[in-house]
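K.L.:
here is my input; please provide its structure:
(2 chains)
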Amino acid sequence: RKEVEQDPGPFNVPEGATVAFNCTYSNSASQSFFWYRQDCRKEPKLLMSVYSSGNEDGRFTAQLNRASQYISLLIRDSKLSDSATYLCVVNKYRDDKIIFGKGTRLHILP
Amino acid sequence: DTGVSQNPRHKITKRGQNVTFRCDPISEHNRLYWYRQTLGQGPEFLTYFQNEAQLEKSRLLSDRFSAERPKGSFSTLEIQRTEQGDSAMYLCASSLVVSNTEAFFGQGTRLTVV
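P.N.:
Residues are numbered from 1 along each chain as shown, chains lettered A, B, ... in the order given. Below you'll find the predicted structure:
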């Protein structure tokens, strides 16, 4: 089983729709979780951290389910500018490397 | 500009040549990562440092690859005897080792081996 797995997509959704991404991780000792966004031919940038209690930032909501070892990202009222690749990121804590999923490509259709 | 800086941004080299890339992390960051990314894939872990110590090197990395961070500041990634399969974007990231801290990426070095 890969350390971090994501649905590769692409997800093609109409503008204004709600889209959800899931990501599973294999190491139960993982403690830090993030969603990064990567635009075409650009470097990844942090979208949001994922906290145990779940967190929301405007149209974006991140959830963590430790029991099932997955994290999710929900985008509401999607905009054309949300088109990008969304990367799930996991690391154990302090002493371990940061591992990326392969990313899920999202296309928002006008 | 206080972000992560990578040089060069682009490198075209002939197969069999050696190349070296440089990464300057955010100044107070003690953790530095190297990743490789090919089209349609997420960043693939290569190696990382805490200060000047190299903590881990990916098993996927052949002996042709070597990385250093001699003074715990900038880092170099060298690829010897390049092969066409080495063509990729090489990304450097840095972070501060505290709880739940993000990694910041440089813009990457795009390597093309011809």
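
K.L.:
please make it C-alpha for all contacts and neighbour counts, starting now.
P.N.:
OK.

K.L.:
beta partners of the residue most central in space within chain B?
P.N.:
With distances taken as C-alpha atoms, centre = their mean, residue B:34 lies nearest the centre of chain B, 3.2 Å away. Here residue B:34 sits in beta bridges with residue B:47, residue B:92, going by DSSP bridges.

K.L.:
read off the pLDDT value for it.
P.N.:
Note on residue B:34: pLDDT of 96.

K.L.:
residue contacts, the closest residue to residue A:62 other than its chain neighbours?
P.N.:
Taking C-alpha to C-alpha, 6 or more residues apart in numbering or on different chains as the measure, residue A:62 lies nearest to residue A:73, with 4.6 Å between them; neighbours along the chain are not counted. Applying C-alpha atoms under 8 Å, 6 or more residues apart in numbering or on different chains to residue A:73 gives the contacts A:20-22, A:35, A:60-63.

K.L.:
now swap in residue B:41 and tell me
P.N.:
Going by C-alpha under 8 Å, 6+ apart, residue B:41 touches A:102-103.

K.L.:
okay, it and residue A:23: tell me how far apart.
P.N.:
The gap separating residue B:41 from residue A:23 is 15 Å, by C-alpha to C-alpha, to the nearest Å.

K.L.:
likewise for residue B:89?
P.N.:
From residue B:89 over to residue A:23 the distance is 24 Å, taken as C-alpha to C-alpha.

K.L.:
and for residue B:112?
P.N.:
31 Å.

K.L.:
more neighbours, those two?
P.N.:
residue A:23 (22 against 19; other C-alpha atoms under 10 Å in any protein chain shown).

K.L.:
list phi and psi for the residue nearest to that one when sequence neighbours are not counted.
P.N.:
Among residues not flanking residue A:23 along the chain, residue A:6 sits closest, at 4.8 Å (C-alpha to C-alpha, 6+ apart). When quoted as degrees, to the nearest 10, the phi and psi of residue A:6 stand at phi -130, psi 150.

K.L.:
wait, isn't residue A:6 in contact with residue A:104?
P.N.:
Yes - using C-alpha atoms under 8 Å, residue A:6 is in contact with residue A:104, at 6.6 Å.

K.L.:
overlap of the contact sets of the two?
P.N.:
Counting by C-alpha under 8 Å, 6+ apart, the contacts common to residue A:6 and residue A:104 are residue A:21.

K.L.:
more neighbours: those two, which one.
P.N.:
residue A:104 (26 against 21).

K.L.:
the more buried one and residue A:57, how far apart?
P.N.:
Residue A:104 is 20 Å from residue A:57, by C-alpha to C-alpha.
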